[in-house]
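>>> what follows is a predicted protein model with its sequence.
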Amino acid sequence: MANVVESIPGVPELWEKTKGDPRVCVALMDGPIVMSHPAFDGSRLVQVENTWHGGPQEAEEFCRHHATHIGSIIFGQHKGPVKGLAPQCRGLSVPVAFDEATLLSPLDLVRGIDVALDAGANIIHVATCMPNQSGRADPLLERAIKRCTESNVLVVAPGGNDNGECWCFPAVLPGVLAVGALNEEGVPFKFNNRGGRYELQCVLAPGENILGALWSGGTELQKGTSCAAPIVSGIAALLMSRQLQEDGEIDAAAIRDAILRSATPCAPDEIDDERPGLAGKLNLPGAERILFGPSSGQGNRSSQRADGETAMAAASIVESAAPPLVGGLVFVIGNLGYDFGTEARRDTYLQRMPAVDAGGGILVPPNPYDQVQMARYLETDPTETDSLIWTLNLELTPIYAIVPRSVFARDVYQRLVQVLASQVEAPTDDSFVERLSLPGYMTDEKVQLYSGQVLPVIEVRNVRALYSWNVNVLTRNALQALRARNPLVNAEAVERSLHSFLDRVYFDLRNLGFASPDRALNYAATNAFQAADVFADAVAAGMELDDIAVEKSPFCRLHSNCWDVRLKFFDPENTHRARRVYRYTIDVSDVTPVTLGATRSWPTST
């Protein structure tokens, strides 16, 4: 069968320069790939074991089918049945789709993105398309995509085949490179989604009769935006490989910009209400000229070594390896919850819990879902604590199951019961708990809740860094410590700014606590005493918080993993005044993060 990829203008010429650099990592968010297919023989593609849902054997056929086909378009080896676009780049398959429910789960996709970022992916290809008519994405997904763009990672996603009846996430989120499909004549398909951000960030690529690996063996031709998108991801991987050849550095934003700016507008007779022009058609030679100059592809520059030589040199620097999910560290902030898993388990509590006095000596049956009743019951009978499924929730959404282990398991269970009891206190009470920080280790275990939701299990081995607090008491204690050092501090202004910082972390920047920068950010929000010093200094200078970011720290100890939490302040009364940046370094190489050194500060014009 003919391979459309080989006939794309500019691809054969680009292959002469590079078939991919192993230092470039493309992560694929899809179903599980059938790795034994001959198309992947000799590739640098590895597959992460999904620790929160299952493996290939648990996936429905269409998920394995889709992922294997899409993966071969990018990583297929040229000696095999499918010539992939970037066969010598590293590949990371992160299965996030096992059935229709997981295919459309923003939470599962965010977990996969966190894994890819922690593994050092340069391109994240999201093969799933989540239809949405409201135009509003899950805040966790928005935050994950924003973190990708801030981390110099290109996100590519299919625009969707819904005939323009809805939008698709993450394709329409800011910073994503969305991809629509062209038929064999180079005309946009009518089924392309359109409108809104599609017109700004959706490039059209060949999407009909695209050759790929068939999960059960052999090859087949497919069509759709899902087939067009991996063509753009593969080409982006080749362009990143060329950036390494030319400059030694990857610039994901520049590649996205070049692909969109060079896109060829559709002809007038190719555009109507059912066939939108979107951002234009893929123009690889034009993108190369923008990135590497008008002489790109001409001459034999010394930096353009033979493809095999480049690959061998790069391979000596980095080899593909799956990130260590099992045993990976988690430090997450949320609320405590519990679940029974089954009706039978719930009924055991219903039968064992004491009746409740409704007043006037009238006793009514207990309610196991009432946190007040459950907390009182567990305090009187601690042996029942390990029969519950304890969960860490982001607001009302459970994201992890908590399993205390080791010799300190009983201490951890006792702390969980205390937190549960404190969560139902009056908000004005000093003992009221709003937030819990959970330090733990990712396991390969999974737990199914009564609702059917499947959660990964986090193992908690002791109570270190298992903090609980409410914002009012936390800030009050921080201010008391601050006043002891500086009696003239403007406590009211510092408290207001500190509240703003914590609320932004808890709500706008909430995350799953798996990726290294997220663990650093979460720990910063538990260490309010250090933050109070920063805000006191900024408030004294008449400044207010503008931006929160986390960046890899240039200063670190041997065998550590250090990140800088950066707080940027501005003067609301004088926009011409230089802004001020404060940084403090957090080492997240241990399950309990720790701050390093003193806070650094300097003015900046940006």
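Great, that's in hand. These numbers were taken from a predicted model, which means no experiment stands behind them. Numbers count the residues shown, from 1 in each chain.
>>> going forward, measure contacts and count neighbours with C-alpha atoms only.
Will do.
>>> which residues of the stretch 1-150 of the chain fall in strands?
Here the stretch 1-150 of the chain has its strands, by DSSP state E, counting those that start in this stretch, at 25-30, 44-47, 90-95, 123-126, 130-132.
>>> contacts for the lengthiest strand in the chain next, please.
When the chain is parsed with DSSP state E, its longest strand is strand 435-448. Contacting residues not belonging to strand 435-448 are listed as 51-53, 325-336, 341, 392, 401, 419, 454-461, 464-470, 526, 591-592 [Cα atoms under 8 Å, 6 or more residues apart in numbering].
>>> how about the strands of the stretch 1-150 of the chain, which one is nearest Arg143?
Closest to Arg143 of the strands of the stretch 1-150 of the chain is strand 123-126 (Cα to Cα; 14.8 Å).
>>> what is the closest one packed up against?
In terms of contacts (3 or more Cα pairs under 8 Å, 6 or more residues apart in numbering; DSSP states H and E), strand 123-126 is packed against strand 25-30, strand 154-158, helix 225-246.
>>> sheet-wise, list the partners of it with their directions.
With DSSP bridges as the test, strand 123-126 is paired with strand 25-30 (parallel), strand 154-158 (parallel).
>>> in CSV: the ones you listed, plus distance to Gly542, mean pLDDT and mean neighbour count.
Formatted as CSV, the strands paired with strand 123-126 follow (distance: least, Cα to Cα, whole Å; pLDDT from 0 to 100; neighbours: other Cα atoms under 10 Å):
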stretch, distance to Gly542, mean pLDDT, mean neighbour count
strand 25-30, 45, 97, 28
strand 154-158, 38, 98, 29
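>>> export those strands to TSV and tack on distance to Leu498?
Below are the strands paired with strand 123-126 laid out as TSV (distance: least, Cα to Cα, whole Å):
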stretch	distance to Leu498
strand 25-30	37
strand 154-158	33
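>>> partner residues bridging Val565?
Here Val565 sits in beta bridges with Val550, Tyr584, as judged by DSSP bridges.
>>> ok, now the one 4 residues further on?
Bridge pairing for Phe569 (DSSP bridges) gives the partners Leu545, Arg580.
>>> ok now stretch 183-203, how far from the chain's centre?
26 Å (Cα atoms, centre = their mean, to the nearest Å).
>>> could you give the number of residues near Leu284?
Neighbourhood size, Leu284 [other Cα atoms under 10 Å]: 23.
>>> pretty sure it sits against Pro9.
Yes: contact criterion Cα atoms under 8 Å: Leu284 and Pro9 qualify, at 6.8 Å.
>>> stretch 442-453 - what's its average pLDDT?
For stretch 442-453, mean pLDDT rounds to 93.
>>> got it, and stretch 53-64?
In this model, stretch 53-64 has a mean pLDDT of 83.
>>> that older thread, mind checking which of the helices and strands packed on strand 123-126 is nearest Tyr198?
When the helices and strands packed on strand 123-126 are compared for distance to Tyr198 using Cα to Cα, the nearest one is strand 154-158, at 10.7 Å.
>>> nearest to Gly224, of the strands paired with strand 123-126?
Of all the strands paired with strand 123-126, strand 154-158 comes closest under Cα to Cα, at 8.7 Å.
>>> got the CA positions of the closest one in CSV?
Extracted C-alpha coordinates of strand 154-158, given in CSV (Å, rounded to 0.1, in the frame of the first residue of the first chain):
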residue,chain,number,x,y,z
LEU,A,154,4.7,21.4,22.1
VAL,A,155,1.3,19.9,22.5
VAL,A,156,-0.3,18.6,19.2
ALA,A,157,-3.9,17.3,19.1
PRO,A,158,-6.5,16.4,16.4
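>>> thinking again about what came up before, want to try TSV for the helices and strands packed on strand 123-126, with distance to Met374 as columns?
Below are these laid out as TSV (distance: least, Cα to Cα, whole Å):
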stretch	distance to Met374
strand 25-30	40
strand 154-158	44
helix 225-246	48
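>>> identify the residues contacting Asp508.
139, 143.
>>> looking at it now. What's its pLDDT?
We note a pLDDT of 89 for Asp508 in this prediction.
>>> domain ranges for the chain, per the record?
4-306, 329-468, 470-604 (automatic domain parsing).
>>> winner for burial among those domains?
Stretch with highest mean neighbour count among those: domain 4-306 (a mean of 21; mean count of other Cα atoms under 10 Å).
>>> quick one: the strands of the stretch 1-150 of the chain as CSV, columns for distance to Gln480 too.
Below are these laid out as CSV (distance: least, Cα to Cα, whole Å):
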stretch, distance to Gln480
strand 25-30, 48
strand 44-47, 51
strand 90-95, 47
strand 123-126, 46
strand 130-132, 48
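>>> in the stretch 501-606 of the chain, mark out all the strands, start to finish.
Under DSSP E, counting those that start in this stretch, the stretch 501-606 of the chain gives strands at 544-552, 562-570, 579-587, 594-604.
>>> among those strands, which comes closest to Thr149?
That would be strand 544-552 among those, by Cα to Cα, at 12.3 Å.
>>> what mean pLDDT does that closest one have?
91.
>>> stretch 108-125 too?
For stretch 108-125, the per-residue pLDDT averages 94.
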